[in-house]
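[1] Mind folding the following:
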Amino acid sequence: MLLLMIFITIFIFKPVINEVRGTNNQPDLIVYSADVDKLRVNLNEKVELTGIVYYGGTSTPPASGSSALRFDGADYVKVSDSATLRNAGDDERTLSFWMYINSFDEGSGAVIIRLGTINNMFQLSIDASNGIWCRGETATDGRSISTGFTYSDFAGSWQHIVVVTDGSYLRCYCNTVVSGGVWPLTGNWDDISVDLYYPGSTNRFDIIFDDIRIYNRALSADDVSELYTGTYTNKTSLILYHDLDGDSRDESGNSNHGTNYGAVWTDGYANIDVKVELGHMLMQSVSMINSSDGSFTIPITAENKVGQYNYNVYTTTDKNSVQNQTVEVIVDRFKVISISADDDRRNVDTSVTLNVTIHYEYDDTVIITGSFTLNGLTLSHQGSGMWQTTDYKDAVQAFTYDSVNGSRDIYGLSAVNMNNQSLTVTWDRLEILFESLPDEWPYQGEDVTLNWMITRQYDNSAVTKFIINITKDDILWKTDLTVNSTTDVDEEAVSHTYNCSYVADNAYGLTAWTSNSITVTWEEVGKPSPEPASPILIFNKIDPMLLTVLVAAFVWGIMVVSVALIIRR
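    Residues are numbered from 1 along each chain as shown. Now for the predicted structure:
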C-alpha cells in the first residue's frame with residue numbers, strides 16, 4: 001500500500017494559497033504595520049519589506065497555534081495511495097518542506113521524511129555519526145550523501161529542505177544551498193510512491209513540519225530560492241501540497257489528503273497572501289505569515305530610476321476585506337558633481353591634488369561619510385561634500401580620472417552616477433634645442449648668434465611665451481630672456497659652452513626641462529678652419545719637387561696607353 005506518513009520534527013514556511021480555513025468567524029485580517037529594511041536603496045537592489053498581520057482590532061496573528069504539526073517520534077500523518085502520487089513513467093521528482101528540530105535523541109538514528117519505499121525512494125535521515133544526510137535508492141543503485149550539517153546546526157531554527165531528482169542526479173538543498181554535492185544515480189525511478197515513514201518510539205525526537213510539497217518535476221535552483229522566500233507560484237506538476245494550516249488537506253487539487261495520527265498543532269507559517277503594489281501594479285506576493293507573531297517578509301527589487309516610490313502593502317482574506325499600509329522606498333545613488341585638480345598640466349615627478357564633489361542624487365544633499373575612491377585612489381572628505389586625493393607620475397603622460405566608486409555611507413549605497421564628469425591631467429617636460437649661426441667655428445672678433453627652440457615633450461607643441469636663463473661655461477650669463485636667440489663675440493681664440501639653467505612655460509607654468517649644450521670656438525685670424533680643407537688648399541701644401549715627379553708620371557702613363565691603343569689597331 002502506498003501511503004504518506006510524515007514523521008516530522010520540523011517547522012515549515014508555506015507558500016501559495018489565499019485563505020486561512022476556519023477563520024470566517026474571526027474579524028478581518030489587516031496589515032497592522034509595514035516597513036522597509038533600508039532608508040535608501042540602490043537602483044535594482046534586492047530589498048525586504050517587513051510587517052505584521054493581525055485580525056482587525058486585535059493583536060492575534062492568523063492561524064495562531066494551528067499552522068504546523070509537531071511530531072514526537074511516534075506520531076505520523078498518513079496519505080492514502082493514489083495514481084497522482086506515482087511518477088507515471090517520469091523520473092523527475094521534488095520534495096520540499098520546512099522543519100524545526102527542537103530536540104533529538106541521536107541513538108541509532110531515524111528517518112525524518114521519506115518519499116517512496118525501500119529500493120525506490122529518497123529520504124532525509126539524521127544520526128549521531130553522519131548528521132543530516134540524504135539517500136536515494138532505485139532497484140539497482142543507491143547513494144547516501146551528507147548534507148554537511150549536523151543536528152546541532154539544524155536545531156533551534158527553521159530549515160528549508162528540498163530534495164530533487166532529475167532522473168540522473170540527486171540534489172539536496174538546505175536553505176537554498178546545494179549541500180554535499182550532486183550525486184549520480186542509475187536505475188529506473190518509475191512508480192515512486194509517497195511514504196511518510198516513522199521509526200516508532202525507539203528514536204524519540206521533537207520536530208515541527210510545515211509546508212510539505214511534492215512535484216512530479218525537478219525544480220531548478222531559482223525555483224528553490226523562490227520557495228524559500230515564499231514567492232513561488234508555479235503549480236505545474238504539484239501533486240501534493242500540505243500547508244498544514246489547521247488541517248492536513250491537500251491544496252494541490254489532487255485530493256491527496258492526510259490523516260493525522262497523534263501529531264500536535266502548533267505555530268508555524270500561515271498561508272496568507274500579503275501583496276505589494278506600486279502604481280496599482282502587483283510587484284510581489286508572499287504567502288508565509290509567522291503565526292506566532294504575525295510577521296512577514298516580502299523581497300522586492302527596487303526600481304531602476306532614482307526617486308521616491310510608495311508601495312501599497314495589503315492582505316486579502318476570504319472576506320475580501322483590505323487594509324493597506326504604505327511603505328516609502330527611496331531609490332538613490334551617489335552623483336559626481338565635479339572633478340578638479342590644482343593643475344591639470346604639470347611637471348613630471350610632481351604630485352597633483354584632485355578634488356571630487358559628491359552629492360546624493362535624490363535630494364542633492366552633500367555626502368560626508370562613506371568610503372570613496374577615484375580610479376583606485378582613496379578619497380578623504382574635506383568638508384561640504386568635497387573629497388580629495390593626490391596622484392604622482394614620473395614619466396611624461398596624460399591620465400584621465402573618470403571612475404568613482406563608493407560604499408559604506410549611512411544608507412549602504414554603492415551605485416555611482418558619474419554625471420559625465422572626468423578630468424585629464426598631463427605630466428609634461430620642456431625640451432630645449434640649441435644651435436648657432438653661421439657656424440660654431442668663427443674667427444676672433446666675429447659675432448655668433450645662438451638660437452634655441454623650446455617644445456613640450458607630451459605633444460611636441462612649440463612654446464612661444466617663456467622665460468629662459470642661459471649659462472656660459474656654467475656661469476649665469478643671460479637672464480629672463482623671452483626671445484629665441486641672443487648673440488656673443490670674443491676677441492680671443494677661445495671656446496665657450498652654452499646651456500640652459502632655467503626655463504618657464506608661461507602658458508602652463510612648466511619648469512621641468514631637458515636640454516642639449518652647444519660649444520663655440522673662436523679661431524685665430526688666418527688659421528685654417530678645423531673643417532675639411534678644399535682640394536686647392538691640399539695642393540698648395542704639397543712639396544714642389546714631389547709635385548713635378550707626380551705630373552711627369554701622369555704624362556708618361558698617358559703616353560703608354562696611347563701607344564698601346566695605336567698598336568692594337
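
[2] just so I have it, where are all the helices in the stretch 1-150 of the chain?
    Remark: helices of the stretch 1-150 of the chain are absent; assignment by DSSP state H, counting those that start in this stretch.

[3] any idea what sits nearest Asn102, other than its immediate chain neighbours?
    Once flanking residues are discounted, Asn102 sits nearest to Asp206: 3.9 Å by Cβ to Cβ, 6 or more residues apart in numbering. Where C-beta positions appear, they are placed from N, C-alpha and C, glycine not excepted.

[4] Could you list every helix and strand that the host helix or strand of that neighbour packs against?
    In the assignment (DSSP states H and E), Asp206 maps to strand 205-215. Using 3 or more Cβ pairs under 8 Å, 6 or more residues apart in numbering; DSSP states H and E, the elements in contact with strand 205-215 are strand 68-71, strand 92-104, strand 110-117, strand 238-242.

[5] if you average pLDDT over it, what comes out?
    Mean per-residue pLDDT for strand 205-215: 87.

[6] Tell me which residues of the helix or strand that it is followed by come out buried.
    Downstream of strand 205-215, the first helix or strand assigned by DSSP H and E is helix 221-229. Neighbour counts using 16 or more other Cβ atoms under 10 Å place 223-229 of helix 221-229 among the buried residues.

[7] How far off centre is helix 221-229?
    Helix 221-229 sits 23 Å away from the centroid of its parent chain (Cα atoms, centre = their mean, to the nearest Å).

[8] Just the CA atoms of it, as CSV, please.
    Provided in CSV are the C-alpha atoms of helix 221-229 (Å, rounded to 0.1, in the frame of the first residue of the first chain):
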residue,chain,number,x,y,z
ALA,A,221,17.9,26.4,-8.1
ASP,A,222,15.9,29.5,-8.9
ASP,A,223,12.7,27.7,-8.1
VAL,A,224,14.1,26.6,-4.8
SER,A,225,15.1,30.1,-3.9
GLU,A,226,11.6,31.4,-4.5
LEU,A,227,10.2,28.5,-2.4
TYR,A,228,12.5,29.6,0.3
THR,A,229,11.2,33.2,0.3
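
[9] what's next to that helix, contact-wise?
    For helix 221-229, contacts defined as Cβ atoms under 8 Å, 6 or more residues apart in numbering pick out 13, 15, 96, 160, 162, 164, 173, 175-176, 178, 213, 219, 232, 234, 286, 297, 299.

[10] Could you list which of these belong to strands?
    Residues of those located in strands (DSSP state E): 96, 160, 162, 164, 173, 178, 213, 286, 297, 299.

[11] if we can go back for a sec, buried deepest among the helices and strands packed on strand 205-215, which one?
    Comparing those by mean neighbour count (mean count of other Cβ atoms under 10 Å), strand 68-71 comes out on top with a mean of 28.

[12] Let's verify Val329: helix, strand, or coil?
    Classification of Val329 using DSSP: H, G, I helix; E, B strand; the rest coil returns strand.

[13] which SSE is the closest residue to Ile368 other than its chain neighbours in?
    Counting by Cβ to Cβ, 6+ apart, Ile368 lies nearest to His381, which is 5.7 Å off, once chain neighbours are set aside. Using DSSP H and E, His381 maps to strand 377-383.

[14] Adjacent strands (with direction) for that strand?
    As defined by DSSP bridges, the strand partners of strand 377-383 come to strand 371-374 (antiparallel), strand 386-393 (antiparallel).

[15] what mean pLDDT does the last one have?
    For strand 386-393, the mean per-residue pLDDT is 98.

[16] ok, back up a step: output the buried residues of helix 221-229 as a markdown table; include the columns distance to Leu423 and pLDDT.
    Formatted as a markdown table, the buried residues of helix 221-229 follow (distance: Cβ to Cβ, whole Å; pLDDT from 0 to 100):
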| residue | distance to Leu423 | pLDDT |
| --- | --- | --- |
| Asp223 | 48 | 96 |
| Val224 | 48 | 95 |
| Ser225 | 43 | 93 |
| Glu226 | 46 | 92 |
| Leu227 | 50 | 92 |
| Tyr228 | 47 | 91 |
| Thr229 | 44 | 89 |
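
[17] quick one: which of the residues you listed is nearest to Asn102?
    Tyr228 (21.4 Å; Cβ to Cβ).

[18] okay, now the domains of the protein?
    For the chain, automatic domain parsing gives the domain ranges 4-23+63-268, 27-61+272-331, 334-415, 430-521.

[19] Just put those in CSV and tack on distance to Gln421.
    Listed next are the domains of the chain as CSV, based on distance: least, Cβ to Cβ, whole Å:
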stretch, distance to Gln421
domain 4-23+63-268, 38
domain 27-61+272-331, 17
domain 334-415, 5
domain 430-521, 22
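
[20] what about Thr486, which helix or strand?
    Using DSSP H and E, Thr486 falls in strand 485-488.

[21] Give the pairing partners of the helix or strand that comes right after that strand; include direction for each.
    Later in the chain than strand 485-488, the nearest helix or strand by DSSP H and E is strand 495-505. In the sheet, strand 495-505 lines up against strand 466-472 (antiparallel), strand 518-521 (antiparallel) (DSSP bridges).
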